[in-house]
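>>> give me a 3D structure for the following:
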Amino acid sequence: MSALRRFLGAAIAFAVLLALGLALYAVVRKRPQDLPWTKLDLGQPVGAFTGRKLAGLTDDFARCRQLLDAAGVEYVALEPAGSDQCRYEDAVRLEEGGAQAIGFAPDQPGVSCPVAAALAMWEWNVLQPAARRHFGEPVEAIEHLGSYSCRRLYGRSTGDWSEHATADALDVAGFRLEDGTRISVLRDWEGEGPEAAFLREVRDGACDLFATVLSPDYNAAHRDHLHLDQAERGAMGWRACR
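Modelled structure (predicted):
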């Protein structure tokens, strides 16, 4: 009888392991972006580990550019610039055309490659679907307040350096739709209309792609923009979404 129990126990354990293995195989095939060890693909939907993989590109400029190329994103790699704490070596300027159809205003900013990769995925997976859902129009341009700026946090004379000091951040002030409608973080964040709902939706969606997302809900310093950055805090580092 004990031998039979052992056999049944082993059979049950095998069946459980087999079921778990089949489930994992299904996830890998259908949702590889939800697993930490699979390779990042900008063309896939956003997964549970997409944001961490994007931030992890900070130390691999060549890999980041390969991903942009594979996804059909048009860009120009910028020469390294700056010095000491205010230096970037992995910046690109996104160009209109190809898979990255959206423009920027007042100009196309130079941003670190991981920020550029996240911006592309943000457009495809978050911005454009939300704009069509709320307004029936696509976003034509992202209006911004700049990326690279040699300064410390909040412009203080001491303390930690801002992610802007390495072009690893972009401040988004609003959006212009294809029909000319403008949506402003400063003007439209508060309220019950589609503009406020859209802004909150794109803020929440950005949290799955950027290491840090700060909005007017965070503090008065961000009352007029969404701060998006790709601060590298390690494989399991903390992420900020406010």
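>>> so where's this protein shaky on pLDDT?
In the predicted model of the chain, residues 1-11, 13-29, 234-237 satisfy pLDDT under 70.
>>> tell me the bridge partners for Gln100.
For Gln100, the beta-bridge partners under DSSP bridges are Gly97.
>>> right, and it touches Met121 too?
No. Using Cβ atoms under 8 Å, Gln100 makes no contact with Met121, being 10.2 Å away. From N, CA and C alone the C-beta is placed, and that goes for glycine too.
>>> okay, these two: which has more neighbours?
Met121 (26 against 20; other Cβ atoms under 10 Å).
>>> mind listing what the residue nearest the centre of the chain touches?
The residue lying closest to the centre of the chain (Cα atoms, centre = their mean) is Leu209, at 2.6 Å. Leu209 makes contact with Val46, Thr50, Gly51, Leu54, Ala118, Met121, Trp122, Asn125, Val126 under the criterion Cβ atoms under 8 Å, 6 or more residues apart in numbering.
>>> out of these, list just those in helices.
Thr50, Gly51, Leu54, Ala118, Met121, Trp122 (DSSP state H).
>>> for the residues you listed, pick the one with the most neighbours.
Using other Cβ under 10 Å as the neighbour criterion, Ala118 leads the ones in helices among the contacts of Leu209 with 28 neighbours.
>>> domain-wise, how is this structure divided?
Split into domains by automatic domain parsing, the chain comes to 1-30, 39-241.
>>> ranking those by mean neighbour count, which comes first?
domain 39-241 (a mean of 18; mean count of other Cβ atoms under 10 Å).
>>> so how far does stretch 131-140 reach from one end to the other?
In stretch 131-140, first residue to last residue: 10 Å (Cα to Cα, to the nearest Å).
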